[in-house]
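Engineer: Return atomic coordinates for the entry below.
(chains A and B)
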2 protein chains.
Amino acid sequence: MRYCFGVDIGGTTVKLGIFEEDGRVVDKWEIPTYTENEGVRILPDIAAAIREKMEEHDLEASACLGIGVGVPAPVTSDGVVNGSVNLGWNYKEVKKELEELTGISVVVGNDANVAALGEMWKGAGKGRQNMIMITLGTGVGGGIIVGGKVITGEHGAGGEVGHICVDYEETDHCGCGNQGCLEQYASATGIVRLAKQKMEKETRDTLLSQGEITAKAVFDAVKENDVVAMEVAERFGEYLGSGLAILAAVADPAVFVIGGGVSKAGEVLIGYIRKYYEKRAFFANKQVEFALASLGNDAGIYGAAKLALDK
Amino acid sequence: MRYCFGVDIGGTTVKLGIFEEDGRVVDKWEIPTYTENEGVRILPDIAAAIREKMEEHDLEASACLGIGVGVPAPVTSDGVVNGSVNLGWNYKEVKKELEELTGISVVVGNDANVAALGEMWKGAGKGRQNMIMITLGTGVGGGIIVGGKVITGEHGAGGEVGHICVDYEETDHCGCGNQGCLEQYASATGIVRLAKQKMEKETRDTLLSQGEITAKAVFDAVKENDVVAMEVAERFGEYLGSGLAILAAVADPAVFVIGGGVSKAGEVLIGYIRKYYEKRAFFANKQVEFALASLGNDAGIYGAAKLALDK
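Structural biologist: This is a model prediction of the structure:
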């Protein structure tokens, strides 16, 4: 049996998987991410976890096709990260270091791009060659796949869709320093911001006045036909639909795959997005499909494995 | 000598070139585009022109590596055009028909994408793998190259950068039916529109009140330090700079190449674009280079030839 490893490094846990060439999962597990001391332990911990599992499953090193790794940062084409806030890393030669630790060839990609690759390989975008995945979490991430390949770009910063401008009148600043970024409206944090802005002037009865306002609370209230929450969802949909229309004019996808924590709201979310997408999209792009991501937290390890297999 | 043909079909003329593998031009010439009767003559005219030149230069059919063709329309991956207003075509199997007419293999691409490929191969983007070309003509066209390949997308409509929204308050409509498209501000027509809007309320002396307002007249006046024209150029720069910042967040290029008739204004144009680009760009993309296209009207035939060589 020939196999590979898929590794998805997050700020709290590292997810790992052993995959056969056809995508069958041999094993998957997690280890904690120790970000102390500039995250110096992270790669040695991963190498140790891989060695241990190879012994446990009696896997030959010679049958290993490689290790794919997803990292929450831009990654250069030679596998270098120039800083990752979530992991504590500054300059880090991820590919070189992990290859030296394991003796196995390593391919490294940005985590959002890698998750998109996973959804294309085994998830909601299965069988597609042109797909854009949007991850709605604390921020808004993206992975743009054209002709079966992820767009990484010159500095590994391709697919930074959370930072396209969708409101030129915005006065608040995004975490990146700019104003009007998609992330300010369509992330979990952004939805809360929109809801709080609304609640400041709201006099109508609404479920949003009960308990903490979260993205989940907003969409739960939408499902109860709460008018105030539905108006928040409209604004979310207008911003995100407009942003996706821009992406479609650039990359012309067959399907948008919506993932991340916010996507757990389900089909109702897609309704709000599609309405404004269709209003804003260039005519050649109006027929695109929308799908919810289907691999959940495993998208990263699937995509990382695919990265290793495709290298 | 092995060689190929590069063919750039425009609404008025078809440009053709014979190229050696290294890009050396053996011959280049033009024939008129007859768009009558749904453009039925266009491909037979091209086939006849190619045959004639092969005889004239004594070229063996067996040494021909192919024909690359640029077309002013979206093109599917199997070389089909579903309508081109400029050529009079409805559904047209360009690849199939031209292969039957010539007996030579044919590759077809969108003209803006093909021009971008030409600039990457032999022009202002030479040696780059990640490049975005923006063509500022009657409309705004684009070609996005990532990892050396043009983004064509699912329906051949990738790189339609003229139709990304950069003004959500716009009340006028773009030719595509939407509102706020980049093309409404950054094309030759768009610049004239911005200038005319300004002149409606303008009381100051300005060169723009003398003679017809054209994009060229605006930038000629800018070079004379005409304050009114400079304010028009600022608006142009703000819209285009903002649009390019969006494109950079998506595709992360090393260089933007600016072409088309408007680009003849020269370096002054880049100054206005860069100012607003740097204001709006995501931090990872701020260091991108700007260059003026250098192949002029020949970008299309070079790119078409490259398309044939790369197939």
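Engineer: Assign the nearest residue to A:V227 once chain neighbours are set aside to helix, strand or coil.
Structural biologist: Using C-beta to C-beta, 6 or more residues apart in numbering or on different chains and skipping the chain neighbours, the partner closest in space to A:V227 is A:R204 (6.7 Å). Bear in mind the C-beta positions are built from the backbone N, C-alpha and C, glycine included. Three-state call for A:R204 (DSSP: H, G, I helix; E, B strand; the rest coil): coil.
Engineer: per-residue confidence at the residue of chain A most remote from its centre?
Structural biologist: The outermost residue of chain A relative to its centre, with distances by C-alpha atoms, centre = their mean, is A:T203 at 36.6 Å. Residue-level confidence at A:T203 comes out at 94, pLDDT.
Engineer: which residue does the stretch 51-200 of chain A bring closest to chain B?
Structural biologist: The minimum distance from the stretch 51-200 of chain A to chain B, using C-beta to the nearest C-beta, falls at A:G153 (2.3 Å).
Engineer: That residue reaches B:I144, doesn't it?
Structural biologist: No: using C-beta atoms under 8 Å, A:G153 is not in contact with B:I144, being 10.2 Å away.
Engineer: how about the helices in the stretch 151-300 of chain A?
Structural biologist: Along the stretch 151-300 of chain A, counting by DSSP state H, counting those that start in this stretch, helices occupy A:183-186, A:188-200, A:215-223, A:227-251, A:267-280, A:299-310.
Engineer: and B:I67, which of those is closest to it?
Structural biologist: Closest approach to B:I67 among these (C-beta to C-beta): helix A:227-251, 27.5 Å.
Engineer: Who are the packing partners of that closest one?
Structural biologist: strand A:131-136, strand A:140-146, helix A:183-186, helix A:188-200, helix A:215-223, helix A:267-280, helix B:227-251 (3 or more C-beta pairs under 8 Å, 6 or more residues apart in numbering or on different chains; DSSP states H and E).
Engineer: May I see the ones you listed organised as JSON lines, with distance to B:L16, mean neighbour count and mean pLDDT added?
Structural biologist: Formatted as JSON lines, the helices and strands packed on helix A:227-251 follow (distance: least, C-beta to C-beta, whole Å; neighbours: other C-beta atoms under 10 Å in any protein chain shown; pLDDT from 0 to 100):
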{"stretch": "strand A:131-136", "distance to B:L16": "37", "mean neighbour count": "30", "mean pLDDT": "96"}
{"stretch": "strand A:140-146", "distance to B:L16": "29", "mean neighbour count": "28", "mean pLDDT": "93"}
{"stretch": "helix A:183-186", "distance to B:L16": "48", "mean neighbour count": "28", "mean pLDDT": "97"}
{"stretch": "helix A:188-200", "distance to B:L16": "52", "mean neighbour count": "18", "mean pLDDT": "96"}
{"stretch": "helix A:215-223", "distance to B:L16": "57", "mean neighbour count": "20", "mean pLDDT": "97"}
{"stretch": "helix A:267-280", "distance to B:L16": "39", "mean neighbour count": "18", "mean pLDDT": "96"}
{"stretch": "helix B:227-251", "distance to B:L16": "31", "mean neighbour count": "24", "mean pLDDT": "97"}
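Engineer: would you turn those into TSV with distance to B:L101?
Structural biologist: Converted to TSV, these look like this (distance: least, C-beta to C-beta, whole Å):
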stretch	distance to B:L101
strand A:131-136	36
strand A:140-146	31
helix A:183-186	50
helix A:188-200	55
helix A:215-223	57
helix A:267-280	40
helix B:227-251	36
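Engineer: Of those, give the one that comes closest to B:V81.
Structural biologist: The closest of the helices and strands packed on helix A:227-251 to B:V81 is strand A:140-146. By C-beta to C-beta, the value is 20.1 Å.
Engineer: How far does that closest one sit from its chain's centre?
Structural biologist: 8 Å (C-alpha atoms, centre = their mean, to the nearest Å).
Engineer: Between helix A:227-251 and that strand, find me the angle.
Structural biologist: Computed by axes from the mean of the first three to the mean of the last three C-alpha atoms, to 10 degrees, the angle separating strand A:140-146 from helix A:227-251 equals 30 degrees.
Engineer: Tell me the strands beside the helix or strand following strand A:140-146, with direction?
Structural biologist: As assigned by DSSP states H and E, the chain's next helix or strand after strand A:140-146 is strand A:149-150. Applying DSSP bridges, strand A:149-150 is found paired with strand A:140-146 (antiparallel).
Engineer: now the angle from the partner strand to helix A:188-200?
Structural biologist: 130 degrees.
Engineer: Tell me the secondary structure at A:G66.
Structural biologist: Assignment for A:G66 (three-state DSSP): strand.
Engineer: Report pLDDT for it.
Structural biologist: pLDDT, A:G66: 97.
Engineer: TSV for the helices of the stretch 151-300 of chain A, including distance to B:V232?
Structural biologist: Converted to TSV, the helices of the stretch 151-300 of chain A look like this (distance: least, C-beta to C-beta, whole Å):
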stretch	distance to B:V232
helix A:183-186	30
helix A:188-200	35
helix A:215-223	43
helix A:227-251	25
helix A:267-280	27
helix A:299-310	47
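Engineer: Might you report the residue contacts of the most centrally placed residue in chain A?
Structural biologist: Centroid-nearest residue in chain A, with C-alpha atoms, centre = their mean: A:A112, separated by 3.5 Å. Under the criterion of C-beta atoms under 8 Å, 6 or more residues apart in numbering or on different chains, the contact list for A:A112 reads A:M133, A:T135, A:G141, A:G142, A:G143, A:G159.
Engineer: A:A49 contacts A:T33, correct?
Structural biologist: No: judged on C-beta under 8 Å, A:A49 makes no contact with A:T33 at a distance of 11.6 Å.
Engineer: residues shared between the contacts of the two?
Structural biologist: By C-beta under 8 Å, 6+ apart, the residues touching both A:A49 and A:T33 are A:V14.
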